[in-house]
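**Student:** Sequence below, structure please.
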Amino acid sequence: MNYFELFNIPISFNPNLSDVKNKFYALSRKFHPDFFTQATQDEQQYALEQSALINKAYKILNNQESVLKYILELNNLIEDEEKYKLPPNFLMQVMDLNEQLLDAKLEQDESKVNLVVNEINNFKTSIYEPVKSLLENCKEIIYSREELLQIKDFYYKKKYLNRILAGLH
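**Tutor:** Modelled structure (predicted):
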């Protein structure tokens, strides 16, 4: 059973967060270990496992980046510690932006840093455009393998750019 099935919601890159929250509270009440203190050892263990699963599902379903990765994993398109090959032109652009950012930080020039951050954010927007309709306009995911691979490419590119931005802090 996947997390969407557990929460009885459609598979979507944008799950309804209100539904997720409501299902989480209902499931948490149903399987909270405190309600199983008088139950058998097996029932207590089951409640504990369900509670942990519900918490993990809630954490994933409340984070758009995690949902993206999770759906790709459900479709066997992402492996743990995968070394995804990004296109060379993308890597060159990222390397250039990273160098600009490092130079601006070394110069301690906040305005240059902000300009580069804006460039990176614009770059993120440009890589999002080709998959925007795939990610935003769905209630139930029924995509071709080609579309999912396009989303996977976006996922890794965005992850790469986010790492650069995270280096600012």
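**Student:** and stretch 6-19, what's its mean pLDDT?
**Tutor:** In this model, stretch 6-19 carries a mean pLDDT of 94.
**Student:** now stretch 43-62: how far from the chain's centre is it?
**Tutor:** Counting by Cα atoms, centre = their mean, to the nearest Å, stretch 43-62 is centred 19 Å from the centre of its parent chain.
**Student:** What ranges does the protein have for its helices?
**Tutor:** For the chain, applying DSSP state H gives helices covering 3-6, 17-31, 41-61, 64-74, 88-106, 110-136, 145-166.
**Student:** need these in JSON lines with mean neighbour count and distance to residue 82, can you?
**Tutor:** C-beta coordinates here come from the backbone N, C-alpha and C atoms, glycine included. Formatted as JSON lines, the helices of the chain follow (neighbours: other Cβ atoms under 10 Å; distance: least, Cβ to Cβ, whole Å):
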{"stretch": "helix 3-6", "mean neighbour count": "18", "distance to residue 82": "20"}
{"stretch": "helix 17-31", "mean neighbour count": "14", "distance to residue 82": "27"}
{"stretch": "helix 41-61", "mean neighbour count": "15", "distance to residue 82": "18"}
{"stretch": "helix 64-74", "mean neighbour count": "17", "distance to residue 82": "10"}
{"stretch": "helix 88-106", "mean neighbour count": "14", "distance to residue 82": "16"}
{"stretch": "helix 110-136", "mean neighbour count": "14", "distance to residue 82": "18"}
{"stretch": "helix 145-166", "mean neighbour count": "16", "distance to residue 82": "9"}
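**Student:** Reformat these into a markdown table and put distance to residue 80 next to each item.
**Tutor:** A markdown table is the format used below for those (distance: least, Cβ to Cβ, whole Å):
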| stretch | distance to residue 80 |
| --- | --- |
| helix 3-6 | 17 |
| helix 17-31 | 25 |
| helix 41-61 | 15 |
| helix 64-74 | 9 |
| helix 88-106 | 22 |
| helix 110-136 | 23 |
| helix 145-166 | 14 |
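**Student:** Give me the phi and psi for residue 15.
**Tutor:** Backbone torsions of residue 15, given as degrees, to the nearest 10, read phi -60, psi 150.
**Student:** Tell me, how many residues neighbour it?
**Tutor:** Neighbour count for residue 15, taken as other Cβ atoms under 10 Å: 21.
**Student:** correct me, but it touches residue 67?
**Tutor:** Yes: if you go by Cβ atoms under 8 Å, residue 15 and residue 67 touch, sitting 6.5 Å apart.
**Student:** Thanks again, I'm all set now.
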